[in-house]
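Undergrad: after the sequence you'll find the predicted model.
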Amino acid sequence: MSVRIPGPVNRALDGAHRHPRAVAAVIVAAAGTGGLAFYWASPVAATIAAALLLLYVISAFFTVRELQLRETIRQLRYDLAAERRENERLRAGDPSAPTAQLRSIGDRGEPT
């Protein structure tokens, strides 16, 4: 499936990619202005909306943190399993290596 992006939209996206700080400033200014207008219209509703937004941001932060910790634990378990497999392989030894012949005492004429 191919999607054709209109030229003005493509130029706007390119400009946003080249100037990320300007885009962030515009977004912050729009959010601040919208928040003030919302507060001016209804302070109680604005306070409730701000509390819900804060709750959402905090829960998103903790969710992302939990996902990062789960990924770290998964990677550590994977590394531990790989290390255990390597240890088992090393303990088993090399099956193609010649075996060591242990001779009993006195086999070569040593005094017993």
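TA: Cool, the structure landed.
Undergrad: measure the residue nearest the centre of the chain to Q75 for me?
TA: Nearest residue to the geometric centre of the chain (Cα atoms, centre = their mean): Q68, 5.0 Å. The gap separating Q68 from Q75 is 11 Å, by Cβ to Cβ, to the nearest Å. In this view, the C-beta of every residue, glycine as well, is placed from N, C-alpha and C.
Undergrad: run through the helices of the protein in chain order.
TA: Taking DSSP state H as the test, the helices found in the chain are 7-18, 20-41, 43-92.
Undergrad: dump those to CSV, plus mean pLDDT and distance to P98.
TA: Putting the helices of the chain into CSV (pLDDT from 0 to 100; distance: least, Cβ to Cβ, whole Å) gives the following:
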stretch, mean pLDDT, distance to P98
helix 7-18, 91, 64
helix 20-41, 89, 65
helix 43-92, 93, 16
